[in-house]
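>>> fold the following for me, if possible:
(chains A and B)
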Amino acid sequence: MIQLNNVTKIYPDGSKGVENINLHIRKGEFVFIVGSSGSGKSTLMKLLLKELDPTEGEIIINRIVTNELPRKQIPYLRRKLGVVFQDFRLLPNKTVAENVAFAMLVVEAPRRVIRRNVPAVLALVGLEKKGRSKPNQLSGGEQQRTALARAIVNNPPILICDEPTGNLDPETTWEIMELLVEINKRGTTIVMATHARDIVDIMQKRVITIDDGHIVRDREGGYVG
Amino acid sequence: MKPRTIRYFLEEGVTGLKKNLLMTMASIMAVMACITILSFSYIVTSNLEHVLQQMEDSIGISVFIDGEPDSAEISRIRGELEALDYVTFVEYISPAQALDALKADWGADEDIFTGLDNDNNPLSHSFQLSLSDMDYQTLVLTEVSKIDGIGTVRHGQAETELITKLSDVLRNVGIVVMALLSIISVTIITNTIRISVANRRVEINIMKYVGATDTFIRWPFIVEGMIIGLVGAAVPLALSVPLYSAAIQNLYAAIPVIEMVQFRLSGDIFVTLAPMALAFGIVLGIIGSTTSIRKHLRV
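Numbering: from 1, shown residues only, chains lettered A, B, ... in the order given. Okay, here's the model as predicted:
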């Protein structure tokens, strides 16, 4: 599903993002990417989202070599990647339902599919009664669930989560993690970058540790053991 | 493109303009200034050309024959005149016909011609020529002067040249002023759209991540530019219809002698001016928005 072969990213100022990364994530996996600030975690996430191109090596997502992808094809790659950020990135002037529908509208999904999928996905994330609320009327957890609903409403096979629980309290964090597990059970591959050691330890999933731009550890289990 | 998508672009375009009302108004004013100059320049030059056309139709060239030609000589000259390029009509005028016409022109004052009759007529045999295009007047005059037996030739060359020059100067000044105003309009529109892009930073970012195409992201901003151009052109156009009629009426009232000249009907003018000005306004808007998108919208 996701494959990185000898991927190196050197920034124009000469600083190193990641170096010689080899990684293979299979369909349906739930993978944590962990590492301290500046370890190269963010660079790796940006490479997966094709916000950055590698200086060397190749990235294959869903059988597409993304570093060879023409610019015009990038949107179609991104339709296969749902994204969730730490800061939610919701549109404040739109309701919860409109925020979710927006993701379908901009890919020109048929109206009937929007009408069918938006309530279904809001029900999945437990926001069926909040469809008409504006983001500023929601708690942090509800905002992140809205962002999650928006990320999965187009049924992407891969979900990229960049510190999705970073702004949430412990209780809400677990609500989001339970949702991610549920989404993963439905077949979506999940790649989640996090600093939250306790989550990683309890979840007992595959953990890829990055340090100084290199993968220093790749195994199932907790944050360190 | 689906109708729903087009509606989305229109709604987003209007929303963007509303959010940024002050700059939107400034952009519209700049386009209005530009279209006003375009309209003024077109109205004046097209009227001058219209007047010129009337002169071309009425002036023609008068060719006078030396001495007392016999009928064979008159036929020869007539044949040679008719054979000239750009000459569409040749009319022979005998001295007697010329005298009658002169008396008729002077009307009540024809007494001054007392004593002049067919036996005592100082007027010459002449031909009146009409041309298909007054631009070739000089060429025709040269050819006429080569014909044997031709004396004086009279024509309205000085007047037509004056009007042609006036029309050219006005058109050129209009083009220069319009070019300058176009640059100003495009610059202001570019800045308006830049602010609009900045206002929608988060939205654009989300659109990128959920897989919106570049075209989809850019269209609302192009629509904004088009609306600015359209409104900026429509307002001066709508105003210039009644203003034009009022200006003509005032001109006739202020300078009665000008009634000899027929100005173009407002319908004739605006059937050409309206699509031209609207298209020009929209093009200004599109240039302004695409310039801004290229510079400021990284998608």
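
>>> quick check: closest non-adjacent residue to the residue of the stretch 1-150 of chain B found nearest chain A.
Of the residues in the stretch 1-150 of chain B, the one nearest chain A is residue B:5, at a distance of 5.7 Å by CB to the nearest CB. In this view, the C-beta of every residue, glycine as well, is placed from N, C-alpha and C. Nearest non-adjacent residue to residue B:5, counting by CB to CB, 6 or more residues apart in numbering or on different chains: residue A:108, 5.7 Å away.

>>> give me the phi and psi for that neighbour.
The phi/psi pair for residue A:108 (degrees, to the nearest 10) reads phi 60, psi 40.

>>> for the chain, what's the longest helix?
Picking chain A for this. Looking only at chain A and at elements set by DSSP state H, the helix with the highest residue count is helix A:170-185.

>>> if you could check chain B rather than the one you did, that'd help
Secondary structure of chain B read by DSSP H shows that its longest helix is helix B:157-199.

>>> re earlier: near chain B at all, the following helix or strand past the longest helix of chain A?
Secondary structure here is assigned by DSSP states H and E; on that basis, the next helix or strand after helix A:170-185 toward the C-terminus is strand A:189-194. No - with CB under 8 Å from any CB of the partner chain as the criterion, chain B is not reached by strand A:189-194; the gap is at least 14.5 Å.

>>> quick one: buried residues of the helix or strand that strand A:189-194 is followed by?
Scanning forward in sequence from strand A:189-194, with DSSP H and E defining helices and strands, the next element found is helix A:197-203. For helix A:197-203, the neighbour count (16 or more other CB atoms under 10 Å in any protein chain shown) marks A:199-200, A:203 as buried.

>>> got it, and stretch B:112-122?
With burial defined by 16+ other CB under 10 Å, the residues of stretch B:112-122 counted as buried are residue B:116.

>>> can you list contacts of it?
By CB atoms under 8 Å, 6 or more residues apart in numbering or on different chains, the residues outside stretch B:112-122 that reach it are B:95-96, B:99, B:102-103, B:106.

>>> compute the first-to-last residue distance for that stretch.
Looking at stretch B:112-122, the gap from its leading to its trailing residue is 14 Å under the measure CA to CA, to the nearest Å.

>>> for the residue nearest the centre of chain A, give its distance to residue A:49.
Per CA atoms, centre = their mean, the C-alpha nearest to the average position across chain A is that of residue A:160, at 1.6 Å. Applying CB to CB, to the nearest Å, the value for residue A:160 to residue A:49 is 6 Å.

>>> joint contacts of those two?
Counting by CB under 8 Å, 6+ apart, the shared contacts of residue A:160 and residue A:49 are A:81, A:83.

>>> distance of the closest residue to chain A within the stretch 51-200 of chain B from residue A:109?
Per CB to the nearest CB, the residue of the stretch 51-200 of chain B with the smallest distance to chain A is residue B:200, at 9.5 Å. Using CB to CB, one obtains 21 Å as the distance from residue B:200 to residue A:109.

>>> with residue B:206 instead?
When distances are taken as CB to CB, residue B:206 and residue A:109 turn out to be 15 Å apart.

>>> look at these two and report which has more neighbours.
In this view residue B:206 and residue A:109 are compared by other CB atoms under 10 Å in any protein chain shown, and residue B:206 has more residues nearby, 22 against 17.

>>> looking at this, residue A:109 is in a strand?
No - note on residue A:109: no strand contains this position according to DSSP: H, G, I helix; E, B strand; the rest coil, which reports coil.

>>> OK, contacts around the closest residue to it other than its chain neighbours?
The shortest distance from residue A:109 to any residue other than its chain neighbours is 7.2 Å, reached at residue A:154 (CB to CB, 6+ apart). Residues near residue A:154 by CB under 8 Å, 6+ apart: A:79, A:82, A:103-104, A:107, A:109, B:210-211.

>>> same question for residue B:236.
Residue B:236 sits next to B:32, B:35-36, B:39, B:277 when contact means CB under 8 Å, 6+ apart.

>>> for residue B:257, give me the pLDDT.
Here the pLDDT value assigned to residue B:257 is 69.

>>> what does chain A put close to chain B?
Within reach of chain B by CB under 8 Å from any CB, chain A has these residues: A:49, A:71-72, A:75-79, A:83, A:89, A:91, A:102-103, A:105-108, A:111, A:150, A:154.

>>> in ChimeraX, select just the buried ones from the residues you listed.
Applied in ChimeraX, the following selects the buried portion of the residues of chain A next to chain B according to 16+ other CB under 10 Å:
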select /A:49,75,77,78,79,83,89,91,102,103,105,106,107,150,154
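
>>> and the helix or strand hosting the residue nearest to the centre of chain A with helix A:170-185, angle?
Element membership for residue A:160 (DSSP H and E) is strand A:158-162. Calculated by axes from the mean of the first three to the mean of the last three CA atoms, to 10 degrees, strand A:158-162 forms an angle of 160 degrees with helix A:170-185.

>>> any idea whether residue A:82 is helix, strand or coil?
Put simply, residue A:82 is strand when judged by three-state DSSP.

>>> how many residues are close by it?
Neighbourhood size, residue A:82 [other CB under 10 Å]: 28.

>>> same thing with residue B:217?
A count of nearby residues for residue B:217, using other CB under 10 Å, gives 20.

>>> that one contacts residue B:205, correct?
No - with contact defined as CB atoms under 8 Å, residue B:217 and residue B:205 do not form a contacting pair (10.1 Å).

>>> am I right that residue B:233 is in contact with residue B:275?
No - if you go by CB under 8 Å, residue B:233 and residue B:275 don't touch, sitting 10.1 Å apart.

>>> ok, those two, which is more surrounded?
Neighbours per residue (other CB under 10 Å) separate residue B:233 from residue B:275, with residue B:233 holding more: 29 against 11.

>>> tell me the angle the host helix or strand of the more buried one makes with helix B:157-199.
Assigned by DSSP H and E, residue B:233 belongs to helix B:214-254. Calculated by the same axes, to 10 degrees, helix B:214-254 forms an angle of 140 degrees with helix B:157-199.

>>> for chain A, just list every one of the helices.
Using DSSP H, helices in chain A cover A:41-48, A:74-78, A:96-105, A:111-124, A:140-152, A:170-185, A:197-203.

>>> do the same with the stretch 51-200 of chain B
B:71-82, B:95-106, B:137-145, B:157-199 (DSSP state H, counting those that start in this stretch).

>>> now do the buried residues in the third one.
I take that to be helix B:137-145. Under the neighbour-count criterion of 16+ other CB under 10 Å, helix B:137-145 has B:137, B:140-141, B:143-144 buried.

>>> dump the helices of the stretch 51-200 of chain B to TSV, plus distance to residue B:130 and mean pLDDT.
As requested, the helices of the stretch 51-200 of chain B are exported to TSV (distance: least, CB to CB, whole Å; pLDDT from 0 to 100):
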stretch	distance to residue B:130	mean pLDDT
helix B:71-82	11	90
helix B:95-106	17	80
helix B:137-145	10	85
helix B:157-199	14	81
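
>>> can I get those in JSON lines with distance to residue A:215?
Listed next are those as JSON lines, based on distance: least, CB to CB, whole Å:
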{"stretch": "helix B:71-82", "distance to residue A:215": "98"}
{"stretch": "helix B:95-106", "distance to residue A:215": "106"}
{"stretch": "helix B:137-145", "distance to residue A:215": "87"}
{"stretch": "helix B:157-199", "distance to residue A:215": "38"}
